[in-house]
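> Pasting the sequence and the predicted model now:
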Amino acid sequence: MTRIGLIFLGLLVLIFAWLDTLWLKEREAANETGYAIPDDRQRRVHVVRAGVLLDDVAAGGKRGVYVITDRDTGVEYIGISGIGIAEVRR
């Protein structure tokens, strides 16, 4: 009985290791390139998704990074979903 238990335990470890490597590949593929948000009905504010941060605490494990530009004033902001927004000073 102990041999069967050890074989079963070894198989579980192998399966979990395999699933973990698949999960890591999926998370690495989550690094997306930036793109402009297509809904531009408000002409004053322009939003571009600059990238994605992997975060275990975030819903879905990802947070979006956005660059927001006020077209009237030219002021640029950076925002991280679920965290906040701040003015970019140069």
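Structure's in. What do you need? Numbering: from 1, shown residues only.
> Helices of this structure, start to end?
2-29 (DSSP state H).
> my guess is residue 45 contacts residue 72, does it?
No - under the criterion of C-beta atoms under 8 Å, residue 45 makes no contact with residue 72, lying 9.1 Å away. Any C-beta I mention is one placed from the backbone N, CA and C, and that applies to glycine too.
> Tell me which of these two has more neighbours.
residue 45 (14 against 9; other C-beta atoms under 10 Å).
> By mean pLDDT, flag the weakest helix or strand of this protein.
Lowest by mean pLDDT, DSSP states H and E among the helices and strands of the chain is strand 35-36, with a mean of 61.
> And for the closest residue to residue 77 other than its chain neighbours, the neighbour number?
Nearest non-adjacent residue to residue 77, counting by C-beta to C-beta, 6 or more residues apart in numbering: residue 68, 4.3 Å away. By other C-beta under 10 Å, 17 other residues sit near residue 68.
> I figured residue 68 was touching residue 85, is that so?
Yes - using C-beta under 8 Å, residue 68 is in contact with residue 85, at 7.0 Å.
> Quickly list the domain ranges of this structure.
According to automatic domain parsing, the chain comprises the domains 1-30, 32-90.
> which stretch in those domains is the model least sure about?
Ranked by mean pLDDT, those bottom out at domain 1-30, which scores a mean of 65.
> Run a quick neighbour tally on residue 69.
16.
> before we move on, what about residue 66?
So residue 66, with other C-beta under 10 Å, has 18 neighbours.
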